[in-house]
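Trainee: only geometry, no sequence info:
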């Protein structure tokens, strides 16, 4: 059993305010206390839990973290009539001395990094797709393509990422995306599957016949990783290699697979290292609001509501009655959505929430 606390040395605020919600008043207070510690550390407290058999015991979170709060005061509380959830706002005084000591304790624990990775990445979803970018690209069912896709997947699983391959994705099982797949489509597919990152694999190969009848096969392996939330390309790995093979169709496929195998291991290591780094570091949090069947007037009112709340946001997509907005915030998606619902009620906007999956929230104007 390993106790894990993910922490940062950013800022050591003694007094902080935070918001929490829960099915009961005490549950809301507990969540607010945890949020207070997150804010006080200046980065985030991902979990203060017991790891047993690869699973997290969340019942221990508040019991463990409560010792770092000297006292707290409930500033505001109430029950949401829509979701019947308790909401509280508290002011908490943190014991920064204990928190500082905890930093050193976990840095000295050799089990920390490995456990950190398992806890951090266990809920991260990575979608792997194969793209035939050019006429020289190998087909998705070739030996080389299958080998690289499996190699990337196995490497990601070793860090406890949840990996999804094309044959596992219900939304694209009946579609042949290999020839038409571009970066935008890949990101859209991954978003539909609640992915955190999407990896696009492409392998191109060409051959030259040698004077003694063999084939000189040259291959180029491309691996790209995109952040599904932001659409940012954060990893781009290209490796080239060559080999000699028999002068036949099978010889070409087998030779291409051997050449890719030589370059593939190093390419996969580089790619996965960048994905691990991406999701190990603290970055701006995003909540994606999608609005369907909304008029231009309603869309303009949505902008005004978000501006009044002082949110930092950007329009990701807008066409006809469809609008998608990314909100930048360190608050959790539930709290952001709760604030937005209050805003639309106050401004009498006719919007109905139809779905919420993690940081992706969907509203309809009908």
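Mentor: All right, it came through fine. In this text, all values refer to a predicted model and were calculated from it rather than measured experimentally. Residues are numbered from 1 along each chain as shown.
Trainee: contacting residues for the residue lying closest to residue 366 once chain neighbours are set aside?
Mentor: Spatially, and ignoring its direct neighbours in sequence, residue 366 is nearest to residue 293 (4.6 Å; Cβ to Cβ, 6 or more residues apart in numbering). (Each C-beta comes from the backbone N, C-alpha and C, glycine too.) Applying Cβ atoms under 8 Å, 6 or more residues apart in numbering to residue 293 gives the contacts 321, 364, 365, 366.
Trainee: so the last one makes contact with residue 321?
Mentor: If I follow you right, that is residue 366. No. Counting by Cβ atoms under 8 Å, residue 366 stays clear of residue 321, with 9.5 Å between them.
Trainee: joint contacts of those two?
Mentor: Both residue 366 and residue 321 are in contact with 292, 293, where contact means Cβ under 8 Å, 6+ apart.
Trainee: where do the strands sit along the stretch 101-250 of the chain?
Mentor: If you assign secondary structure with DSSP state E, counting those that start in this stretch, the strands in the stretch 101-250 of the chain sit at 125-130, 162-164, 197-209, 215-227, 233-245.
Trainee: I'd like the next helix or strand past the top helix by length along the chain.
Mentor: Of all segments of type helix in the chain, defined using DSSP state H, the longest is helix 249-280. Beyond helix 249-280 in the direction of the C-terminus, DSSP states H and E gives the next helix or strand as strand 286-292.
Trainee: what about the helix or strand just after that next one, average pLDDT?
Mentor: Sequence-wise, the next helix or strand downstream of strand 286-292 (DSSP H and E) is helix 296-308. The predicted model gives helix 296-308 an average pLDDT of 92.
Trainee: So which elements touch helix 296-308?
Mentor: With contacts taken as 3 or more Cβ pairs under 8 Å, 6 or more residues apart in numbering; DSSP states H and E, helix 296-308 sits against strand 286-292, strand 322-328, helix 333-346.
Trainee: Apply 6 Å and report the result again.
Mentor: The criterion is 3 or more Cβ pairs under 6 Å, 6 or more residues apart in numbering; DSSP states H and E, and there are no helices or strands that helix 296-308 contacts.
Trainee: Can you list the buried residues in it?
Mentor: Residues 298, 299, 301, 302, 305, 306 are the ones in helix 296-308 that count as buried (16 or more other Cβ atoms under 10 Å).
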